[in-house]
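J.: Test case, fold it:
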Amino acid sequence: MKTKTQIYHRAIHHLVIVVYVANTPTEKPAAGGWPGDWAAYVVPVPGVNHKEEAAAWRHDGAKLKESEARALWPAVAADFDNAGIKWRP
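T.: Residues are numbered from 1 along each chain as shown. Model (predicted):
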């Protein structure tokens, strides 16, 4: 199965961003199939270009608990819920 990764970020300080990473199938899954998963990370950054700095989640990010991720950006969490995308523990 081919997947795509979508990355969303939000600054909570000019030197700290929260990065939401969703992995989803490129084609609609069969009934009961894997709808995708998501996780969120807090990342310290230089604060020069948050869009480019968001990729630092892979090596500098600290994974948030689901409750923390939902509290920091509820609209994104709700979008994932509506799409059936599950939290990645």
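
J.: Please make it C-alpha for all contacts and neighbour counts, starting now.
T.: Fine.

J.: got the contact list for the residue sitting nearest the centre point of the chain?
T.: By C-alpha atoms, centre = their mean, the chain has its centre lying nearest to Y20, at 1.8 Å. If a contact means C-alpha atoms under 8 Å, 6 or more residues apart in numbering, then Y20 has I7, Y8, H9, W38, A39, A40, Y41 as its contacts.

J.: could the residues you listed be laid out in CSV, adding secondary structure, neighbour count and distance to A69?
T.: Formatted as CSV, the contacts of Y20 follow (DSSP: H, G, I helix; E, B strand; the rest coil; neighbours: other C-alpha atoms under 10 Å; distance: C-alpha to C-alpha, whole Å):
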residue, secondary structure, neighbour count, distance to A69
I7, strand, 16, 14
Y8, strand, 13, 12
H9, strand, 21, 12
W38, strand, 20, 10
A39, strand, 19, 8
A40, strand, 28, 6
Y41, strand, 23, 8
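
J.: And the residues you listed, which two are furthest apart?
T.: H9 and W38 (13.0 Å; C-alpha to C-alpha).
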